[in-house]
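[1] could you work out the structure for the sequence below:
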Amino acid sequence: MSKENPFIAVIDYGAGNIRNVMKAIDYVGLPAKLTKDPAEILSADGIVIPGVGAYKAAMDKINATELVEPIQEAANNKIPILGVCLGMQLLFDSSTEFGETKGFGLIPGEVVTLPRNTGFKVPQMGWNQNNVAIENTLTQGIKDEYTYFVHSYYVKTDAKYIAASVDYGVQVPSIVIKDNIIGAQFHPEKSGEVGLRVWRAFADLVSEKTVIV
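    Numbers count the residues shown, from 1 in each chain. Below is the predicted model of the structure:
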């Protein structure tokens, strides 16, 4: 049974690309509220952690606004959480970008730089094809499809959390899932109809019209 009047809290910590994220969520039929209020975060039916930029700077802002514990509590309460691009990386334990920085610790793993010796330019900037390893209601819409990436770092994590990946000299996780925690390394809001499938799948999860199976 679907929820009545569900809404998504978009975490406000000064990240870029908020406008496109908000528009995408609105387009798939759910109200989105940009917030850094812990009470609103914990009352939301879903949470989106956006992100463009550097891991350390993002976590410094998040720590300054005391948002780590509310988001960790929301995760423990099984609220669906979607991290996008840098927001996906923040879901993990730590990053080596500009020194060792602790993340949310919601999925085990570390964020490291893309290798410079593979013949691929760093950052990865542009479209790449998703290879789905775990088929479910979220990944079925991106199987063999191209989505838009902009990043210099990528996640190293256990294969059991990697639902999809792209080849960029190394296998870069493009969708990660651990229970109610989801990350997309690409930008769904910049990936056309394929990206909208991800937003729709997340909206259905939030409104309990479906589950990730």
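
[2] low pLDDT regions in the chain?
    1-3, 209-213 (pLDDT under 70).

[3] contacting residues around the most centrally placed residue in it?
    By CA atoms, centre = their mean, the chain has its centre lying nearest to residue 83, at 2.1 Å. With contacts defined as CB atoms under 8 Å, 6 or more residues apart in numbering, residue 83 is in contact with 48, 49, 51, 89, 90, 91, 181, 182, 183, 184. Glycine gets a C-beta too; all of them are placed from N, C-alpha and C.

[4] at 7 Å instead, please
    Residue 83 makes contact with 49, 90, 91, 183 under the criterion CB atoms under 7 Å, 6 or more residues apart in numbering.

[5] do the same with residue 92
    103, 107, 109, 110, 111, 155, 157.

[6] assumed the residue nearest to the centre of the chain was part of a helix.
    No - under the criterion used here (DSSP: H, G, I helix; E, B strand; the rest coil), residue 83 is strand, not part of a helix.

[7] partners of it in the sheet?
    Taking DSSP bridges, one finds residue 49, residue 183 as the beta-bridge partners of residue 83.

[8] and it, how far from residue 103?
    Residue 83 sits 10 Å away from residue 103 when distances are taken as CB to CB, to the nearest Å.

[9] what is in contact with the two at once?
    Shared contacts of residue 83 and residue 103, counting by CB under 7 Å, 6+ apart, come down to 90, 91.

[10] any chance you could map the strands in this protein?
    Taking DSSP state E, the strands of the chain run over residues 8-11, 32-35, 46-49, 81-84, 92-95, 101-102, 107-113, 124-129, 131-132, 146-151, 153-156, 162-167, 171-178, 181-184.

[11] would you mark the buried spots in stretch 122-134?
    Taking 16 or more other CB atoms under 10 Å as the neighbour-count basis, stretch 122-134 is seen to contain the buried residues 124, 127, 128, 130, 132, 134.

[12] contacts made by it with the rest, please.
    Judged by CB under 7 Å, 6+ apart, the contacts made with stretch 122-134 from elsewhere in the structure are 114, 116, 139, 142-152, 162-166, 168, 174.

[13] give me the distance from stretch 86-98 to the chain's centre.
    Its chain's average C-alpha position is 11 Å from that of stretch 86-98, according to CA atoms, centre = their mean, to the nearest Å.
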